[in-house]
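Undergrad: sequence and predicted model, in that order:
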Amino acid sequence: MRGLAEAENGEPELALGSYIPALRIIGKLFSEEPAKKEYQLFVDNTTAGIGKARIDLNDEEKATKYIEAVRPHIERNLQTSGW
């Protein structure tokens with residue numbers, strides 16, 4: 001939520017800095033339940049937020065750093081969702 005609020009406030013770099021800690025926390029909360037829709041939706045929304053922040057920043061190198069940090073969550077999401 002914080003990352004989204006920062007992005008909406010015109011602070012895409014601050015938003016990017018909020019997404020990774022949020023994913024670490026949610027990953028711990030749902031470590032035994034990666035198939036839960038709440039976890040999957042959170043990862044989907046966070047990934048979309050990172051993509052939007054990347055567009056707003058127009059800094060592909062910085063965005064790649066954040067996407068790489070999110071990659072394990074995305075891959076886990078894909079594995080448990082049946083894609």
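TA: Looks like it arrived, so ask away.

Undergrad: which residues touch the spatially most central residue of the chain?
TA: Relative to the mean C-alpha position of the chain, the nearest C-alpha, by C-alpha atoms, centre = their mean, is the one of Thr46, at 3.0 Å. Thr46 is in contact with 3, 19, 22-23, 70, 73, counting by C-beta atoms under 8 Å, 6 or more residues apart in numbering. Just so you know, the C-beta spots here come from the backbone N, C-alpha and C atoms, and that holds for glycine as well.

Undergrad: taking those residues one by one, which sit in helices?
TA: Among those, the members falling in helices (DSSP state H) are 3, 19, 22-23, 70, 73.

Undergrad: of all those residues, which two lie farthest apart?
TA: Gly3 and His73 (13.9 Å; C-beta to C-beta).

Undergrad: what is the helix or strand of the chain with the lowest mean pLDDT packed up against?
TA: None of the helices or strands of the chain scores lower by mean pLDDT, DSSP states H and E than helix 60-81, at a mean of 74. On a contact count with 3 or more C-beta pairs under 8 Å, 6 or more residues apart in numbering; DSSP states H and E, helix 60-81 meets helix 12-29, helix 37-57.

Undergrad: how about those helices in a markdown table, adding distance to Gln79 and mean pLDDT?
TA: What follows is these, written out as a markdown table (distance: least, C-beta to C-beta, whole Å; pLDDT from 0 to 100):
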| stretch | distance to Gln79 | mean pLDDT |
| --- | --- | --- |
| helix 12-29 | 14 | 82 |
| helix 37-57 | 11 | 82 |
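
Undergrad: of all these, which one is nearest Ala63?
TA: For Ala63, the closest of the helices and strands packed on helix 60-81 is helix 37-57, at 3.2 Å, according to C-beta to C-beta.

Undergrad: tabulate the ones in helices among the contacts of Thr46 (JSON lines), appending distance to Glu60.
TA: Output for those, formatted as JSON lines (distance: C-beta to C-beta, whole Å):
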{"residue": "Gly3", "distance to Glu60": "19"}
{"residue": "Tyr19", "distance to Glu60": "17"}
{"residue": "Ala22", "distance to Glu60": "22"}
{"residue": "Leu23", "distance to Glu60": "20"}
{"residue": "Val70", "distance to Glu60": "15"}
{"residue": "His73", "distance to Glu60": "20"}
